[in-house]
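Q: Provided below are the primary sequence and the corresponding predicted coordinates.
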Amino acid sequence: MTSRPEARSPASPPCLAAEIAPDYFDPLAVEPQQATDVMRWRKAQRSSLLAARAAISSSARAAIATAIAHGLDRLLEELFPDLTGKVISGYWPIKSEPDLRFWLGSLSARGAQAALPVVETIARPLIFRPWHPGAPMIRGHWNILVPESTAEADPDFMLAPLVGWQSEGYRLGYGGGYFDRTLAACRARGRKPVVVGVGLSSAKLATIFPQPHDIAMDYIITETGQVGPLR
Ligand SMILES: Nc1nc2c(c(=O)[nH]1)N(C=O)[C@@H](CNc1ccc(C(=O)N[C@@H](CCC(=O)O)C(=O)O)cc1)CN2
Ligand SMILES: Nc1ncnc2c1ncn2[C@@H]1O[C@H](COP(=O)(O)OP(=O)(O)OP(=O)(O)O)[C@@H](O)[C@H]1O
């Protein structure tokens, strides 16, 4: 039998689509049963990780947030010795996430602009709004508080809260895919913010079974230190 290599290679390999349009999302890039299994596994992991996090005392949680803030300051000092004009996004804490608002609020005194993520449209990339302590807030998607002002900001340094993580920088979040979409959109317009996953050291998993849509963090910072640079 003669070999016909051309019969095995499609005219337009789907894997190249992402190079032509980096925000292209191909739902068929994964075998559907495997994708379903991974999503089901992630759902179970999320609930046990969230339960373990909720069980931590508030004083232990405050100590964790302080240690993470020190780690963030060390990294910022290394990457951006001059913070003037830099946009740095955090998050408004929910579900026992480390509360880093004190750190985010301290940035303006150093010349940076703090910002918070907003789900403006469901299943689309996040947008970011400038924030300062005391800024008027309203309830957004999932009841998360977001700045009322609709001005937008474009982060240079972005925190991504971790529910779980693996040492290569892959992140498990709340299952909306929002940071992956946001980072894919950043890539598509040639913008590369430094992305730092922040969370508990104990939320480390051997693997989150990375899928084609998962985009690794540049750094992970927990209360026990920094992992990375990873990209
Ligand atoms: N504090 C904080 N703010 C944040 C985030 C975060 O992780 N932490 N986000 C980080 O992204 C964005 C909100 N993320 C969200 C993630 C999932 C769902 C959601 O609807 N989850 C579904 C489950 C989806 C599924 O499993 O298919 C649900 O719980 O019903 C909503 C918002 C923006 N703001
Ligand atoms: N770039 C993308 N375009 C379209 N859909 C995406 C993209 N990235 C992720 N998704 C979808 O989002 C869903 C949730 O993804 P995943 O489980 O990785 O969420 P997560 O990272 O835990 O959530 P979050 O970032 O919101 O906390 C997946 O079903 C995936 O198909």
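A: Looks like it arrived, so ask away. Computed from a predicted structure; not experimentally measured. Ligands and ions are numbered 1, 2, ... in the order given.

Q: which residues touch Ile220?
A: Shown in contact with Ile220 (Cβ atoms under 8 Å, 6 or more residues apart in numbering): Leu162, Trp165, Ser167, Gly169, Val196, Gly197, Val198, Gly199, Gln226, Val227, Gly228, Leu230. Heads up, the C-betas are built off the backbone N, CA and C, glycines and all.

Q: Let me know the secondary structure of it.
A: Taken by DSSP: H, G, I helix; E, B strand; the rest coil, the conformation at Ile220 corresponds to strand.

Q: circling back: ok, of the contacts of Ile220, which one's closest to Ala54?
A: Ala54 has its nearest neighbour among these in Gly199, at 13.5 Å by Cβ to Cβ.

Q: OK, contacts around the residue nearest to the closest one when sequence neighbours are not counted?
A: Leaving aside its sequence neighbours, Gly199 sits nearest to Leu162 (Cβ to Cβ, 6 or more residues apart in numbering; 3.0 Å). Residues near Leu162 by Cβ under 8 Å, 6+ apart: Arg171, Leu172, Gly173, Gly197, Val198, Gly199, Leu200, Ala203, Ile220.

Q: Go back to those residues and keep what's next to ligand 1.
A: Here is what survives when the contacts of Leu162 are matched to ligand 1 using Cβ under 6 Å from any ligand atom: Gly173.

Q: Can I get the contacts of Leu162 in a markdown table including secondary structure?
A: As requested, those are exported to a markdown table (three-state DSSP):
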| residue | secondary structure |
| --- | --- |
| Arg171 | strand |
| Leu172 | strand |
| Gly173 | coil |
| Gly197 | strand |
| Val198 | strand |
| Gly199 | coil |
| Leu200 | coil |
| Ala203 | helix |
| Ile220 | strand |
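
Q: Just the buried subset of the contacts of Leu162, please.
A: Buried residues within these, counting neighbours by 16 or more other Cβ atoms under 10 Å: Arg171, Leu172, Gly173, Gly197, Val198, Gly199, Leu200, Ala203, Ile220.

Q: Return the closest of these with respect to Ile68.
A: Nearest to Ile68 out of the buried ones among the contacts of Leu162 is Val198 (Cβ to Cβ; 5.4 Å).

Q: Could you report the pLDDT at the closest one?
A: For Val198, the pLDDT comes out at 98.

Q: wouldn't it be in contact with Pro98 here?
A: Yes - using Cβ atoms under 8 Å, Val198 is in contact with Pro98, at 6.4 Å.

Q: one step back: give me the subset of the contacts of Ile220 lying in strands.
A: Cross-referencing those against strands under DSSP state E gives Trp165, Val196, Gly197, Val198, Gln226, Val227.

Q: which ones are touching the fourth one?
A: Applying Cβ under 8 Å, 6+ apart, we find Val198 in contact with Ile68, Leu72, Pro98, Leu100, Leu159, Ala160, Pro161, Leu162, Ile220, Ile221, Thr222.

Q: Can you say which two of these are spatially most distant?
A: Across the contacts of Val198 (Cβ to Cβ), the longest gap, 14.5 Å, separates Leu100 and Ile220.

Q: Bridged to the residue minimising distance to the centre of the chain, which residues?
A: Nearest to the mean C-alpha position of the chain, by Cα atoms, centre = their mean, lies Ala160 at 3.2 Å. Following DSSP bridges, Ala160 is listed with bridge partners Gly197.

Q: Leaving out the residues flanking it, which one is nearest to Gly90?
A: Leaving out its chain neighbours, the residue that sits closest to Gly90 by Cβ to Cβ, 6+ apart is Leu104, at 3.9 Å.
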